[in-house]
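> coords below, sequence missing:
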């Protein structure tokens, strides 16, 4: 537990977007492995023939070839009068194109608002939320609803899926800090994604995992309590799956579950082993402009007592009924 809390505190320290007028120093031709980024999410936008990468911190990077990146750019304009406050932290941002617009799914935290204290841990107001833009590089602005998810529950890592019923949904995590057995849940969205409809529904719980592990306060080994980073996909055979992340003791790794019904309602059956190597997690899938399927993840590395996150790309095969990670893609510059 102390390791997880330490990791969380590091994220709190280094993932904040500061005052609304703050702008980072823009850089050009930065190699992917030189970027420090948690939860990397890459949108392949054919309209602009550009890859857009975001993640924790909420900033945006742009690339034409996945090798060299320009950025980071500030692309969000949140409402300082909303529950987020004037300086929200932004975690695990995602970009989704849907019905002619671009949507920015992210976790926003207001550190000045506390909603609960559980086992000595003060829990800030934190929730998955959606912004919108007409362009992939923003600006992303609020829509109709101030709140998508209950204010008294810490939620995070919202992602997007259109289910078999044709309705759009947000799939997100109810954070372990409050319930001590994190869940992955869904909630229906309005047709234009401007708000939510009804209440959330649990899809599965952290303790359903056969592969995650941790020791409790008595030293007993059991499933880990963390659910992190859900992302939905379909194999080429039409099988609905979800990659999601937890811990195997000190290793941050990603597992996969498959829906027996082919819908979000499941039931979800967990694979027995993680799908990524140790220390690689919070992934997503995207296709290059050449049609290659890649998985974007990040790893943790300790440098001078500080934990940094580094994005990586893996080649993936989805031609069968199960997702297969083939190996890390080596990104080389044109000059190499």
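Perfect, I can see it now. Since we're looking at a predicted model, the values are computed, not measured.
> can you pull out the helices in the stretch 51-200 of the chain?
If DSSP state H, counting those that start in this stretch is used as the criterion, the helices of the stretch 51-200 of the chain fall at 176-179.
> Show residues contacting the host helix or strand of residue 302.
Assigning secondary structure by DSSP states H and E places residue 302 in strand 293-303. Contacting residues not belonging to strand 293-303 are listed as 7, 37-42, 53, 55, 243, 252, 254, 276, 279-288, 307-318, 325, 329 [CB atoms under 8 Å, 6 or more residues apart in numbering]. Yep, even glycine has a C-beta here, placed from its N, CA and C like the rest.
> Does anything pack onto the helix or strand just after that strand? Which helices or strands?
Counting by DSSP H and E, the next helix or strand C-terminal to strand 293-303 is strand 306-317. Applying 3 or more CB pairs under 8 Å, 6 or more residues apart in numbering; DSSP states H and E, one finds that strand 306-317 contacts helix 2-14, strand 293-303, strand 324-328.
> which stretch in those is the model least sure about?
Mean pLDDT is lowest for helix 2-14 among the helices and strands packed on strand 306-317, at a mean of 40.
> elements contacting whatever helix or strand comes next after it?
Past helix 2-14, heading to the C-terminal end, the next element that is a helix or strand (DSSP H and E) is strand 27-31. For strand 27-31, the packing partners by 3+ CB pairs under 8 Å, 6+ apart come out as strand 68-73.
> helix, strand or coil for the residue nearest to residue 245 when sequence neighbours are not counted?
The shortest distance from residue 245 to any non-neighbouring residue, by CB to CB, 6 or more residues apart in numbering, is to residue 281 (3.8 Å). Look at residue 281: counting by DSSP: H, G, I helix; E, B strand; the rest coil, its state is strand.
> What is the neighbour count of residue 281?
27 (other CB atoms under 10 Å).
> wait, it sits on residue 254?
Yes: look at residue 281 against residue 254 with CB atoms under 8 Å: they come within range, at 4.5 Å.
> before we move on, the earlier item: type out the ChimeraX command that picks the buried ones from the contacts of strand 293-303.
Those of the contacts of strand 293-303 that count as buried under 16 or more other CB atoms under 10 Å are selected in ChimeraX with:
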select :7,37,38,39,40,41,42,53,55,243,252,254,276,279,280,281,282,283,284,285,286,307,308,309,310,311,312,313,314,316,318,325,329
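> if I look at residue 281 and residue 254, which residues touch both of them?
Counting by CB under 8 Å, 6+ apart, the residues touching both residue 281 and residue 254 are 229, 245, 297.
> how about the strands of the stretch 101-250 of the chain, start to end?
101-118, 121-133, 155-162, 168-174, 183-189, 196-205, 214-215, 221-222, 228-234, 240-248 (DSSP state E, counting those that start in this stretch).
> Throw these into JSON lines and include distance to residue 90 and mean pLDDT, thanks.
Putting the strands of the stretch 101-250 of the chain into JSON lines (distance: least, CB to CB, whole Å; pLDDT from 0 to 100) gives the following:
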{"stretch": "strand 101-118", "distance to residue 90": "5", "mean pLDDT": "98"}
{"stretch": "strand 121-133", "distance to residue 90": "10", "mean pLDDT": "98"}
{"stretch": "strand 155-162", "distance to residue 90": "11", "mean pLDDT": "98"}
{"stretch": "strand 168-174", "distance to residue 90": "15", "mean pLDDT": "99"}
{"stretch": "strand 183-189", "distance to residue 90": "20", "mean pLDDT": "98"}
{"stretch": "strand 196-205", "distance to residue 90": "19", "mean pLDDT": "98"}
{"stretch": "strand 214-215", "distance to residue 90": "27", "mean pLDDT": "97"}
{"stretch": "strand 221-222", "distance to residue 90": "32", "mean pLDDT": "96"}
{"stretch": "strand 228-234", "distance to residue 90": "15", "mean pLDDT": "98"}
{"stretch": "strand 240-248", "distance to residue 90": "18", "mean pLDDT": "98"}
